[in-house]
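Visitor: Predicted coordinates and the sequence they were generated for:
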Amino acid sequence: MTKVLVLGAGGQIARWVIEMLADSKDVEMTLYLRHAHKLHGKSPKNAKVVEGDVLDRKVLDPAVKGQDVVYANLTGDDIDKQATSVISSMKSEGVERLVFITTLGIYDEVPGKFGVS
């Protein structure tokens, strides 16, 4: 069983990742976001939801503990502080795999509204 922590789970790209992993019998997800109401629809059966800010290590560290992969879909003016917090938490919890996404389409390589054909 691969355990995946999705930080910023309410983000546009994260929604696609969650959908792709939702039916995987060998994946267990933890969906981490500041406001759980931003999750559209119900959480997949293979996911649990943690409400918190990545800058709050008291919430972040327990969510990181035991994960195999951290997928960070974060943004904001303090992205450097967020990244530092995520890396520090991963180091303290012994998690080594990270996928970090910060933006989509900065060069207009994704025309139109994301996810719409």
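Guide: Everything's here; your move.

Visitor: need the contact list for residue 40.
Guide: Listed by Cβ atoms under 8 Å, 6 or more residues apart in numbering, the contact partners of residue 40 are residue 15. All C-beta atoms are positioned from the backbone trio N, CA, C, and that covers glycine.

Visitor: switch to numbering from 30
Guide: Shifting the count to begin at 30 puts that one at residue 69.

Visitor: What about it? Give its phi and psi, please.
Guide: For residue 69, the backbone dihedrals (degrees, to the nearest 10) come out as phi -90, psi 120.

Visitor: Check the gap between it and residue 44 for me.
Guide: Using Cβ to Cβ, to the nearest Å, one gets 7 Å for the distance from residue 69 to residue 44.

Visitor: Residue 37 now?
Guide: If you measure residue 37 against residue 44 using Cβ to Cβ, the figure is 10 Å.

Visitor: Who has more neighbours out of these two?
Guide: residue 37 (23 against 19; other Cβ atoms under 10 Å).

Visitor: wait, doesn't that one sit right on residue 101?
Guide: Yes. In this structure, residue 37 is within contact of residue 101 by Cβ atoms under 8 Å, at 6.5 Å.

Visitor: what residues do the two have in common as contacts?
Guide: Counting by Cβ under 8 Å, 6+ apart, the contacts common to residue 37 and residue 101 are residue 83.
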